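Participant: Next come a sequence and a model predicted from it.
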Amino acid sequence: MQSQEAAPRPAPVPDVDVEQAEAALVEHYPRLVRLAYLVLPPSLGRNRRVLTAHALTQRALPRASTPAPVLPAQSTGRAGEAGYALVRLQVLRTALEAGLPLRRAAWPKRSQLPPLLPQVWGLRLFPRSGGADELALDQRLSALSGPARAAYVLRGLERLPEPAVREVLAAAGAEDPDAALREAAVLPLQEGLLRSAEFDPCSLNARPTDLMRRRQHLKAALVTAAAAAVCGALLALPGGGWGPDGAAAPPYAQNPAGQAALDPGRLVRAAPAAWRTSARTDFSVWPARGKLTGDRALLRRALAVWARPGGTVQVSATPGTPSGAPPGPPQLLYAGTVDRARVVLFYDGLRIARYAEPEDGTSGAALDFARVDGASGAAASAVVLDRSDSNVRYLTAPWVRTAAVRDLLAPESGPVSLKLSAQGVTAPMASPALHTGACRSWHALELTAAGSVTSGGAAPEHALVTDLGELSPARLTARDPSASAEGSGAETGERVREAWAPFACSLAAERGQGVRSVNAWRFAQQPLPDGAGTSDWTCTRADTWRGGGSRVLAQFHTPGGRYGAVAAKAEDSPACGPRDPHVLAGVLWKSGAGTWYLLAAGGQDTASVRASGQVDGSAGGPLLALPAKRGAQAVLEGTLTDGGRITGLR
């Protein structure tokens, strides 16, 4: 008989000891946490996703030596790192488990429960905000299943080929890796965005939780402890029993006013035609609109979250806006489905409150507040209903008849009509609040009001508003601040658009500041030296809903230039406003001949201007032009026609 050679035995799979796995976890910790964060379901909310990603990564360390998985570690730079492959597989497995729905017939897995550690008390942690591209990618990833997100991340972040991704998904417990790959392939691969700060759970922003709610919870805990102590003492007394409550109010849950604020049946609803006969044109005459105004369960949830938002609710408020519970039954403005979300808008006389939840559940709910006290006419013409995919939708006032989009950087272009539904909801339009990168356009919303409203003078016929990241869009105006009250004076839509054309990009500095309105006032025109034409001096003033925090910019625009340049600025200054309609500003300017000049200008009521310091000279009237050296510093002073003094804007 011929002897047969023995079949070669497979090479033994090496074990990964705890020290090797720990070294891999510590070395690659930021990458592993980022992978977990991207695979976890976005419905958890950014704060809980951050903490869960860190918890899952830290729990990926094995308790004893473990056979190394026969899986690729990394396409470049980490091939053969068995320790990294092991901990990555464990992180991926638990992140996929965390996205599985809880079942009544089975015990929840540890990864499906909120992490015990790490915990951060009193703070909300979330990655740094990225741009519109990162936001769009995050929204598209949220629409994928957990295994598809994992496939996308393994391809983009780990740079694994499809066969390797298929093996890793199968080892991590994915039921159908091929289906996950097909689902992920629909989304274009964007490796650079996956490595951006938007998805980095190790580089975090910290913000406080709801301070008022924390204080209320602390007081409630102290009261409960005291009540328990008193209860025990009373029960220990002969005969037992409760003493009188005295002047103490009952708990909030039993307070009639508090209960009424949470009752959907007590919501205030304006009559559909109330705005036609009312002397007011504010949010109090907005009727309740939307297809879900009769959904009592949705309204109850929205009111309950407003009163006591949970830890997973994303709460935001414009500066100076309280985020506490409603003082009584608020007014319902809207309840409906918008872009795969259920949205409810309330008004309590001081604030607009917006509640939003996913269409397929309540996880990932958001609650936003914005002050609107004193809003009337154009200031109460629109509210942001939804933002998604770099677009924004508005709910318009019942007196708005048409809506159009205007590009402020192209005033000569005509308006683009924006569809308005029967409920007053606009079609989506590009939002400058979500745009990042170079400023090549700035879209504003132009609203036309009904004649029955404009005839009373309570609201202008045309209103131009823009999204600055708040619930209430900022109104754009162009008027002399010495004019009378809002709504008066010659302010046509064409004049406003022309005034804002060179300066629209400067509005980016006002995002998220709670801005109510921004006025552009051309206070001077100055002939330039060396025959370079005539420049425009414009003062833009942003006023906030809270009164303080105003920002004033003096901007200088040369002929032929597309954009204006900021010459001077001031914070919390009354300049350029109704209280102080004066301004004086200067700038160093280089002519085409190569000569430097100090140019200064004041309003028409400026009798003289003087410069001192490294440039010295004066001129009668509101304009000054003096030869200067590059980088020269000067102090500006002016005299008004009434004898008053004015200094240069700083």
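Facilitator: Nice, I can see it.

Participant: Show the average pLDDT along stretch 300-320.
Facilitator: Per-region confidence: stretch 300-320 scores 88 on mean pLDDT.

Participant: do the same with stretch 204-223
Facilitator: Rounded mean pLDDT across stretch 204-223 is 60.

Participant: Which residues are in contact with residue 478?
Facilitator: Residue 478 makes contact with 491, 495-496, 498-500, 519-522, according to Cβ atoms under 8 Å, 6 or more residues apart in numbering. C-betas here are computed from N, CA, C, even on glycine.

Participant: now for the residues you listed, which pair is the farthest apart?
Facilitator: 498 and 519 (14.3 Å; Cβ to Cβ).

Participant: which of the two has more neighbours?
Facilitator: residue 519 (23 against 16; other Cβ atoms under 10 Å).

Participant: If you rank every helix and strand of the chain by mean pLDDT, what lands last?
Facilitator: Lowest by mean pLDDT, DSSP states H and E among the helices and strands of the chain is helix 211-236, with a mean of 54.

Participant: just to revisit the earlier point, report the lowest-confidence entry in the contacts of residue 478.
Facilitator: Per-residue pLDDT puts residue 491 lowest of the contacts of residue 478, at 59.

Participant: Give me the longest strand you can find in the protein.
Facilitator: In the chain, assigned by DSSP state E, the strand with the most residues is strand 515-527.

Participant: Residue 640 against residue 646, yeah?
Facilitator: Yes: between residue 640 and residue 646 there is a contact at 6.0 Å, judged by Cβ atoms under 8 Å.

Participant: where do the contact lists of the two overlap?
Facilitator: When contacts are counted by Cβ under 8 Å, 6+ apart, the set common to residue 640 and residue 646 consists of 582, 606.

Participant: ok, those two, which is more surrounded?
Facilitator: residue 646 (21 against 17).

Participant: Distance of the more buried one relative to residue 599?
Facilitator: 17 Å (Cβ to Cβ, to the nearest Å).

Participant: pLDDT at residue 635, what is it?
Facilitator: 94.

Participant: That one against residue 650, yeah?
Facilitator: No: if you go by Cβ under 8 Å, residue 635 and residue 650 don't touch, sitting 9.8 Å apart.

Participant: the strands in the stretch 151-300 of the chain, which residues?
Facilitator: In the stretch 151-300 of the chain, the strands defined using DSSP state E, counting those that start in this stretch lie at 204-208.

Participant: next one: the stretch 451-600 of the chain
Facilitator: Under DSSP E, counting those that start in this stretch, the stretch 451-600 of the chain gives strands at 462-466, 474-477, 515-527, 534-544, 551-557, 565-571, 584-590, 596-602.

Participant: which one is the most centrally placed residue in the chain nearest to, not counting chain neighbours?
Facilitator: In the chain, the C-alpha nearest the mean C-alpha coordinate belongs to residue 469, at 5.5 Å (Cα atoms, centre = their mean). Excluding the flanking residues, the one nearest residue 469 by Cβ to Cβ, 6 or more residues apart in numbering is residue 433, at 4.0 Å.

Participant: can I assume that neighbour sits in a helix?
Facilitator: Yes: Residue 433: assigned to a helix according to DSSP: H, G, I helix; E, B strand; the rest coil.

Participant: Show the contacting residues for it.
Facilitator: Contacts for residue 433 (Cβ under 8 Å, 6+ apart) come out as 387, 392, 467-469, 511.

Participant: and those, which are buried?
Facilitator: Buried members of the contacts of residue 433, scored by 16 or more other Cβ atoms under 10 Å, are 387, 392, 467-469.

Participant: Serialize those residues to CSV and add fields for pLDDT and distance to residue 614.
Facilitator: Formatted as CSV, these follow (pLDDT from 0 to 100; distance: Cβ to Cβ, whole Å):
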residue, pLDDT, distance to residue 614
387, 91, 48
392, 94, 47
467, 95, 43
468, 93, 38
469, 90, 40
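
Participant: just these now: which is nearest residue 444?
Facilitator: The closest of the buried ones among the contacts of residue 433, once distances to residue 444 are taken by Cβ to Cβ, is residue 467, at 8.5 Å.

Participant: doesn't residue 393 make contact with that closest one?
Facilitator: No: at 10.3 Å, residue 467 does not count as touching residue 393 under the criterion of Cβ under 8 Å.

Participant: and for the two, which residues touch both?
Facilitator: 384, 387.

Participant: Dump the buried ones among the contacts of residue 433 into JSON lines; add distance to residue 475 as well.
Facilitator: Shown next, in JSON lines, are the buried ones among the contacts of residue 433 (distance: Cβ to Cβ, whole Å):
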{"residue": "387", "distance to residue 475": "19"}
{"residue": "392", "distance to residue 475": "16"}
{"residue": "467", "distance to residue 475": "12"}
{"residue": "468", "distance to residue 475": "11"}
{"residue": "469", "distance to residue 475": "15"}
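
Participant: Now go through these and say which are in helices.
Facilitator: Among the buried ones among the contacts of residue 433, DSSP state H puts none in helices.

Participant: Determine which two of those residues are furthest apart.
Facilitator: Counting by Cβ to Cβ, the most remote pair of the buried ones among the contacts of residue 433 is 387 and 468, 12.0 Å apart.

Participant: low pLDDT regions in the stretch 301-450 of the chain?
Facilitator: By pLDDT under 70, the stretch 301-450 of the chain has no low-scoring segment.

Participant: Which parts of it are strands?
Facilitator: In the stretch 301-450 of the chain, strands defined by DSSP E, counting those that start in this stretch lie at 314-317, 331-338, 341-347, 351-358, 366-371, 382-388, 391-396, 400-407, 416-418, 429-430, 443-449, listed in chain order.

Participant: got the contact list for the residue nearest to the centre of the chain?
Facilitator: Counting by Cβ under 8 Å, 6+ apart, the residues that residue 469 touches are 433, 511-512.

Participant: So which elements touch whichever strand or helix holds residue 94?
Facilitator: Using DSSP states H and E, the secondary-structure element containing residue 94 is helix 82-98. Helix 82-98 is packed against strand 15-16, helix 18-27, helix 29-39, helix 46-58, helix 146-156, helix 162-171, with contacts defined by 3 or more Cβ pairs under 8 Å, 6 or more residues apart in numbering; DSSP states H and E.

Participant: quick one: which of these is nearest residue 558?
Facilitator: Nearest of these (Cβ to Cβ): helix 46-58, 44.4 Å.

Participant: could I get that closest one in PDB with only the CA atoms?
Facilitator: Output of helix 46-58 as PDB, limited to C-alpha atoms (Å, rounded to 0.1, in the frame of the first residue of the first chain):
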ATOM      1  CA  ARG A  46     -26.600  63.100  21.000                       C
ATOM      2  CA  ASN A  47     -26.000  63.200  24.800                       C
ATOM      3  CA  ARG A  48     -27.000  59.600  25.300                       C
ATOM      4  CA  ARG A  49     -25.200  58.400  22.100                       C
ATOM      5  CA  VAL A  50     -21.900  60.000  23.400                       C
ATOM      6  CA  LEU A  51     -22.200  58.300  26.800                       C
ATOM      7  CA  THR A  52     -23.300  55.000  25.400                       C
ATOM      8  CA  ALA A  53     -20.500  55.000  22.800                       C
ATOM      9  CA  HIS A  54     -17.900  55.500  25.600                       C
ATOM     10  CA  ALA A  55     -19.600  52.800  27.800                       C
ATOM     11  CA  LEU A  56     -19.700  50.200  25.000                       C
ATOM     12  CA  THR A  57     -16.100  50.900  24.000                       C
ATOM     13  CA  GLN A  58     -14.800  50.600  27.600                       C
END
